[in-house]
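Student: Need a 3D model of the sequence below.
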Amino acid sequence: MIKSSKIGDVALITSPIMQRSLLDNDAYQFSMQNAVLRHYPDVPVEYEFIDRKPRGKFNPLFFTRLLEEIDNLVEFKFNLDDLAALKKYCPYFGDDYLKFLLDFRLDRNDLIIDVVNGHLRINIKGLWQNVIMWEVPLMAIISELYFALLIVRTDFFGETLSCEQNRNKPPSTRLNVLTDLSYCKYLE
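Tutor: Residues are numbered from 1 along each chain as shown. Coordinates of the predicted model:
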């Protein structure tokens with residue numbers, strides 16, 4: 001089911017937009033997880049997301065959607081088709097690693113997430129072999145939600161659009177995000 005919200009005159013699509021599989025990750029992350037599993041299986045680590053923007057812009061809608069996406073992500077497990085694909089395209093992964101992945105799930109308890117004065121704060125803490133897989137999907141979710149929920153653009157006809165609305169327009173009428181940044185403004 002597609003849910004939507006409205007901020008001012010801008011309708012926002014708020015249905016799940018991100019991860020569809022744990023395979024939606026970087027080959028480097030899989031290689032590093034494999035190496036960590038072999039050489040440092042019991043090493044605890046801690047990562048911190050640092051919001052470098054001088055003015056905070058992360059609002060409650062963003063925070064709510066981020067938590068929804070994370071709740072969606074932690075439901076995923078690798079299935080036998082996923083492992084067959086990894087075995088085919090990454091033959092250097094041994095059966096022990098593939099078996100580990102069959103039982104692997106991201107753990108929501110590894111994350112502490114908050115928005116303080118508009119600044120996003122994320123702390124990831126746990127065994128390295130597990131938390132290493134948070135980086136790519138979490139950053140992808142943050143990026144997608146940032147541009148879908150916090151940035152609006154005005155097209156050449158004065159119409160205000162969210163990125164999701166711009167993406168759904170016919171290609172000849174889309175706002176070119178790379179060259180038309182003067183049309184960007186932040187939602188407060």
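
Student: Report the rounded mean pLDDT for the top strand by length along the chain.
Tutor: Ranked by residue count under DSSP state E, the longest strand found in the chain is strand 119-127. For strand 119-127, mean pLDDT is 93.

Student: again with stretch 47-62
Tutor: Across stretch 47-62, pLDDT averages out at 81.

Student: Please identify the buried residues of that stretch?
Tutor: Neighbour-count burial for stretch 47-62 flags 47, 49, 51, 57-59, 61-62 (criterion: 16 or more other Cβ atoms under 10 Å). C-beta here means a position set from N, CA and C on the backbone, and glycine is covered the same way.

Student: Could you do stretch 62-76 as well?
Tutor: 62, 65-66, 68-70, 73-74, 76.

Student: Equivalent analysis for stretch 91-100, please.
Tutor: For stretch 91-100, using 16+ other Cβ under 10 Å, the buried residues are 93, 97-98, 100.

Student: try stretch 103-121
Tutor: Neighbour-count burial for stretch 103-121 [16+ other Cβ under 10 Å]: 104, 106, 110-111, 113, 115, 119-120.

Student: what pairs with H119 across the strands?
Tutor: V116 (DSSP bridges).

Student: Verify the contact between it and N59 for me.
Tutor: No: between H119 and N59 there is no contact under Cβ atoms under 8 Å: 11.3 Å.

Student: give me the number of residues near A148?
Tutor: Applying other Cβ atoms under 10 Å, we find 20 residues neighbouring A148.

Student: Would you list the phi and psi of it?
Tutor: phi -80, psi -30 (degrees, to the nearest 10).

Student: Point out where this structure drops to low pLDDT.
Tutor: Where the chain drops to pLDDT under 70, the residues are 1-19, 54, 56, 151-188.

Student: quick one on the thing from earlier: now, the most widely separated pair of the buried residues of stretch 47-62?
Tutor: Y47 and L61 (25.0 Å; Cβ to Cβ).

Student: can you map out the helices along this structure?
Tutor: 27-39, 60-73, 80-89, 95-103, 128-131, 135-145, 163-167 (DSSP state H).

Student: for these, which one sits closest to R20?
Tutor: The nearest among the helices of the chain, by Cβ to Cβ, is helix 60-73 at 9.4 Å.

Student: packing partners for the closest one?
Tutor: Counting contacts by 3 or more Cβ pairs under 8 Å, 6 or more residues apart in numbering; DSSP states H and E, helix 60-73 is packed against strand 111-116, strand 119-127, helix 135-145.
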